[in-house]
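**Student:** build the 3D model from these lines:
(4 chains)
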Protein chains: 4
Amino acid sequence: MNSPIRVTVWHEYRHELKSEAVKKVYPEGMHKVWASAISEHLGNAVTVRTALLDEPDHGLTDEILKNTDVMTWWGHAAHKDVSDAIVEKVCNRVLEGMGIVFLHSAHYSKPFKKLMGTGCGLKWREAAERERVWVINPAHEIADGLGEHFDIPHEEMYGEIFDIPAPDELVLVSWFEGGNIFRSGCTWTRGKGKVAYFRPGHETFPTYYQPEVRRVIANMVKWAAPRSSSPFKLGAPNEKVPLSPITSKHVVDDAIHKH
Amino acid sequence: MNSPIRVTVWHEYRHELKSEAVKKVYPEGMHKVWASAISEHLGNAVTVRTALLDEPDHGLTDEILKNTDVMTWWGHAAHKDVSDAIVEKVCNRVLEGMGIVFLHSAHYSKPFKKLMGTGCGLKWREAAERERVWVINPAHEIADGLGEHFDIPHEEMYGEIFDIPAPDELVLVSWFEGGNIFRSGCTWTRGKGKVAYFRPGHETFPTYYQPEVRRVIANMVKWAAPRSSSPFKLGAPNEKVPLSPITSKHVVDDAIHKH
Amino acid sequence: MNSPIRVTVWHEYRHELKSEAVKKVYPEGMHKVWASAISEHLGNAVTVRTALLDEPDHGLTDEILKNTDVMTWWGHAAHKDVSDAIVEKVCNRVLEGMGIVFLHSAHYSKPFKKLMGTGCGLKWREAAERERVWVINPAHEIADGLGEHFDIPHEEMYGEIFDIPAPDELVLVSWFEGGNIFRSGCTWTRGKGKVAYFRPGHETFPTYYQPEVRRVIANMVKWAAPRSSSPFKLGAPNEKVPLSPITSKHVVDDAIHKH
Amino acid sequence: MNSPIRVTVWHEYRHELKSEAVKKVYPEGMHKVWASAISEHLGNAVTVRTALLDEPDHGLTDEILKNTDVMTWWGHAAHKDVSDAIVEKVCNRVLEGMGIVFLHSAHYSKPFKKLMGTGCGLKWREAAERERVWVINPAHEIADGLGEHFDIPHEEMYGEIFDIPAPDELVLVSWFEGGNIFRSGCTWTRGKGKVAYFRPGHETFPTYYQPEVRRVIANMVKWAAPRSSSPFKLGAPNEKVPLSPITSKHVVDDAIHKH
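**Tutor:** Next comes the predicted model:
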């Protein structure tokens, strides 16, 4: 892992262009803020590029996909505008080993839903309420640099039931002022790829400038980067030759096996 | 859980019609054999119907889906002939609470792949070799009635890497004479539905007549049946009213939230 | 599973005898209340006895242990008064297949700590605050009969970090008015025994009369009952005879193996 | 993670002194071989010391424990000679964040049993049979550098049922010529400490000279090293002051809470 982690920050990037309110909070687009958070914490250990929905191929050419170690993904209003063919490619790259970090409303993005196999629904409320994010697994490297909890003063609420497969690892759980809780920091492995989800980050709040939030995003990128050269290929190869001699007496009608 | 579990045994049912070799082993079709295994062990606690690929709607009308508590699924050569619309309906029924048990080559079926979110590949070899299925979680009700292990004298081999998400519960692991191992009895939860996978059962071997195999299938059906009335709905409902009073002082630009 | 589940409700039973405040809430002892909750919901499917710390052998003779399918455990001020020998017996019975349900302050009991292998610490606060218990896995039979959440008007707070191994299944998560969250309904398997933990239930609040709380306790007892006859023995048996012939050429110095 | 991982290799170190056969295979003691494997792969990223059962305090003074980031542990015939006080200290250090890697017969060591909470039994057979170790999670950094599987020509067999809690991550599963399978590479988290178990390594076979085995040991050490500064303390602190204002009306008898 001596060469830098090649990160592609993917963004829908439409709210900032259409809504004055969002533009006021993220004038250059949220992708710039995520990229800066990742670089701030990982420095020379990463190279970061961005890719946007409205670029050709959504900015995700085969060449770029092939040369991405970890992708971050944010989408909200335009999930349906993401081409199924690109989604297929992104998910296959994950299975082959690319890490991917889904942010906030990306819970309803096509690649997240496809990788999870569930509906990925949740409850939500925009009341600018306080969110308190608790670390429940302080041993996990995603929690590195965090205290026991951190507060986000005003956030959109996401509440359980969050319709996801039980996470392989549950690292962060949020408390909301209005009475809800949420599994906010989760990880899974899919094929050879590592997948993380991080809840905070509504486009109308300055959440992505908050130090703890930036730290978690960078930690998740680092965690999701490939760390194993052990081989893995998609597909179902026929292993004609047994690895070990087969010695038991078989009374097999050969004709049966010609199918 | 006093009313019987309504089971729908789904089958591709083509091999038996086309191949003399398969017909010899399963003259009335494998679906009859699974149905008999389930009834044999669960008796009055179940009602069992069958549904076949080449029936209208693959035998899976909305009415039948709605009235199915647990489905079993076997497919092999005709996975691609299953309509995407029916697959969508089956998977949604799982998320809403229907249990589903995937058998052998159904690892590559559309609904299994969709629920897993992975490639679902594996290694395979047809050498009629001995399979030894080990119970590694004897507390699990899927293992009820089994000894420490059972042997299947001649089977097709399935070997790791099995490209699935880490199972929520791993109950059975197979040893193969030729040198491979396989996670043969796995469970997951998806939405409100319980999902099980059971490896043995190639169409050219009399595996489905073997008592232990029949027992596992019946156990999985029983395990996958709904056991909770707790509510769950697909989707992402807006919870306008906080459950708890929000009392902290918020300085929120209301304009921001009109989006 | 046709014969009734034999339940032993174990209780420290000291607070009620010493504190007028506690006696006012639970005049006959909390064990009577748990027993009634279990019987209320499971009826003829259970037989319930109680056992108390200050009875001979803490009420847990070998005969009673042997004839217990599921135990419930509550302790608080007198954890240290439980004999290590009895703890050893209880834990071994769990490994051999007895289910066990730990209630509230039993998180710090000897058998819970021994079965978990961790410190089992947590944060706590007595402010009579509101607790909202959320169902996050509505498919789980422990959630049967519950709504999306239920509220306990006044409870002692338990907060994360809860120093437990990651639960095999996380079913309930609590929100507390004062800003904390907690994994309130958890399950594990240890050996052949099923283990559940349920948070609510401080001795100074009438929590154990609340219908949802009673339901969860009964559900956990049902869930923890043995459901598999598959064999399991403590120990490390030498399997002298291989099940499969060993055919590779071995150059082994026999002397080496005499140790 | 810029300062080197401080590794303490702990060894029972009795077989090599008593048995000519073992001494022939490991003339300087197995601890030297493990230390060399770790240094070979991790180089300047580690400093490695050894500690032995028959040294004062088993080589594990408070000072050494405090300055150990990851410990490896091998024991066999003398598990019972390890002092309970030292075991307590080792386990507490794990809960506080020290990683620990248990090798082969350490499955029956006191600290492993204490951290697992189970009996940790298994089947075993000394027939010098072939073991084939399969990678089932190629994304895991413990698998880095491994192929799909590797073979150990002659090994002691360990077979399921392995009486451990379900691993948080299952990375390696072994196939044995004589018909058994085994979960050979497992991980757990306990408190803030990361725990790994690796099966191969009987004292009478040259297993620890085999490149893949050495690689796994080094990978496990690297994986188990602390990676998070997030706080964690043993114990159950009283949080007198709520983090969030408690605003609901409580009718609480104060007397009740004086206990």
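
**Student:** look up phi and psi at residue A:108.
**Tutor:** phi -110, psi 10 (degrees, to the nearest 10).

**Student:** try residue A:84
**Tutor:** phi -60, psi -30.

**Student:** contacts only, for the residue nearest to it when sequence neighbours are not counted.
**Tutor:** Spatial nearest neighbour of residue A:84, chain neighbours left out: residue A:110 (7.2 Å); criterion: Cβ to Cβ, 6 or more residues apart in numbering or on different chains. (Glycine included, C-beta is placed from N, CA and C.) Neighbouring residues of residue A:110 by Cβ atoms under 8 Å, 6 or more residues apart in numbering or on different chains: A:79, A:82, A:84, A:87.

**Student:** what do you get if the cut-off is 10 Å, keeping everything else the same?
**Tutor:** A:73, A:75, A:79-84, A:86-88, A:90-91 (Cβ atoms under 10 Å, 6 or more residues apart in numbering or on different chains).

**Student:** show me where the stretch 101-250 of chain A has helices.
**Tutor:** Secondary structure of the stretch 101-250 of chain A, counting by DSSP state H, counting those that start in this stretch: helices at A:110-116, A:211-224.

**Student:** shaky segments in chain A?
**Tutor:** A:1, A:247-259 (pLDDT under 70).

**Student:** could you identify the longest strand within it?
**Tutor:** In chain A, with assignment by DSSP state E, the single longest strand is strand A:123-135.

**Student:** so which elements touch that one?
**Tutor:** strand A:149-159, strand A:169-176, strand A:181-190, helix A:211-224, strand C:181-190 (3 or more Cβ pairs under 10 Å, 6 or more residues apart in numbering or on different chains; DSSP states H and E).

**Student:** any idea of the angle that strand forms with strand C:181-190?
**Tutor:** Orientation of strand A:123-135 against strand C:181-190 (axes from the mean of the first three to the mean of the last three Cα atoms, to 10 degrees) gives an angle of 70 degrees.

**Student:** buried ones in strand A:123-135?
**Tutor:** A:123-135 (16 or more other Cβ atoms under 10 Å in any protein chain shown).

**Student:** how distant is that strand from the center of its chain?
**Tutor:** Relative to its chain's centre, strand A:123-135 lies at 20 Å (Cα atoms, centre = their mean, to the nearest Å).

**Student:** put the alpha carbons of it into CSV.
**Tutor:** Provided in CSV are the C-alpha atoms of strand A:123-135 (Å, rounded to 0.1, in the frame of the first residue of the first chain):
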residue,chain,number,x,y,z
LYS,A,123,-37.6,7.9,8.1
TRP,A,124,-36.6,11.5,7.6
ARG,A,125,-37.6,15.0,8.9
GLU,A,126,-36.2,18.4,8.2
ALA,A,127,-36.4,20.2,11.5
ALA,A,128,-32.9,21.4,11.8
GLU,A,129,-32.6,19.4,15.0
ARG,A,130,-29.5,18.4,17.0
GLU,A,131,-27.8,15.2,16.0
ARG,A,132,-25.4,13.4,18.4
VAL,A,133,-23.3,10.8,16.8
TRP,A,134,-22.1,8.1,19.2
VAL,A,135,-19.1,5.9,18.7
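
**Student:** for the nearest residue to residue A:15 once chain neighbours are set aside, what are its contacts?
**Tutor:** Spatially, and ignoring its direct neighbours in sequence, residue A:15 is nearest to residue A:22 (4.3 Å; Cβ to Cβ, 6+ apart). Neighbour list for residue A:22: A:14-16, A:29-30, A:202-205, B:256, B:259 [criterion: Cβ under 10 Å, 6+ apart].

**Student:** cool, residue A:9 as well?
**Tutor:** Counted by Cβ under 10 Å, 6+ apart, residue A:9 has contacts A:29-38, A:48-52, A:59, A:70-74, A:101, A:103, A:217, A:221.

**Student:** help me confirm that it is found in a strand?
**Tutor:** Yes. Counting by DSSP: H, G, I helix; E, B strand; the rest coil, one finds residue A:9 located in a strand.

**Student:** mind checking how far it is from residue B:129?
**Tutor:** 49 Å (Cβ to Cβ, to the nearest Å).

**Student:** for the stretch 1-150 of chain A, what lies in contact range of chain C?
**Tutor:** The stretch 1-150 of chain A has residues A:123, A:130, A:132-138, A:148-149 near chain C, with proximity defined as Cβ under 10 Å from any Cβ of the partner chain.

**Student:** which of these sit farthest apart?
**Tutor:** A:123 and A:138 (27.3 Å; Cβ to Cβ).

**Student:** just give the closest residue to residue A:219, not the sequence neighbours.
**Tutor:** Using Cβ to Cβ, 6+ apart, the closest residue to residue A:219 is residue A:142 (4.7 Å).

**Student:** can you count the residues close to that neighbour?
**Tutor:** 29 (other Cβ atoms under 10 Å in any protein chain shown).

**Student:** before we move on, what about residue A:84?
**Tutor:** 9.

**Student:** from what I can see it touches residue A:58, true?
**Tutor:** No. With contact defined as Cβ atoms under 10 Å, residue A:84 does not reach residue A:58; the gap is 11.5 Å.

**Student:** run through the residues that contact the most centrally placed residue in chain A.
**Tutor:** Geometric centre of chain A, nearest residue: residue A:101, 2.2 Å, by Cα atoms, centre = their mean. Residues near residue A:101 by Cβ under 10 Å, 6+ apart: A:7, A:9, A:34, A:38, A:70-74, A:142, A:187, A:194-198, A:216-221, A:223-224.

**Student:** at 8 Å instead, please
**Tutor:** By Cβ under 8 Å, 6+ apart, the neighbours of residue A:101 are A:70-73, A:195-198, A:217, A:220-221, A:224.

**Student:** for residue A:175, same thing?
**Tutor:** A:131-134, A:181, C:175-176, C:179-181.

**Student:** who are the neighbours in contact with residue A:148?
**Tutor:** A:134-135, A:138, C:161, D:230-231.

**Student:** from residue A:134, how far out is it?
**Tutor:** 7 Å.

**Student:** cool, residue A:71 as well?
**Tutor:** The value you get for residue A:71 to residue A:134, if Cβ to Cβ is used, is 27 Å.

**Student:** cool, and residue A:111?
**Tutor:** In terms of Cβ to Cβ, residue A:111 sits 27 Å off from residue A:134.

**Student:** residue A:143 contacts residue A:149, doesn't it?
**Tutor:** No. Contact criterion Cβ atoms under 8 Å: residue A:143 and residue A:149 do not qualify, at 10.6 Å.

**Student:** comparing those two, which residue is more hemmed in?
**Tutor:** residue A:143 (26 against 22).

**Student:** can you count the residues close to residue A:245?
**Tutor:** 11.

**Student:** now do residue A:28
**Tutor:** For residue A:28, using other Cβ under 10 Å, the count is 11.

**Student:** can you classify it by secondary structure?
**Tutor:** Applying three-state DSSP: residue A:28 is coil.

**Student:** contacting residues around it?
**Tutor:** residue A:16.

**Student:** measure it to chain D for me?
**Tutor:** 31 Å (Cβ to the nearest Cβ, to the nearest Å).

**Student:** need phi/psi at that residue.
**Tutor:** Dihedral angles (degrees, to the nearest 10) for residue A:28: phi -100, psi 10.

**Student:** separation between it and residue D:203?
**Tutor:** 63 Å.

**Student:** go on, residue A:212?
**Tutor:** Distance from residue A:212 to residue D:203, counting by Cβ to Cβ: 49 Å.

**Student:** same drill for the two, tell me which one is more crowded.
**Tutor:** residue D:203 (25 against 17).

**Student:** just to revisit the earlier point, out of the helices and strands packed on strand A:123-135, which is the most enclosed?
**Tutor:** Highest mean neighbour count of those: strand A:169-176, a mean of 26 (counted as mean count of other Cβ atoms under 10 Å in any protein chain shown).
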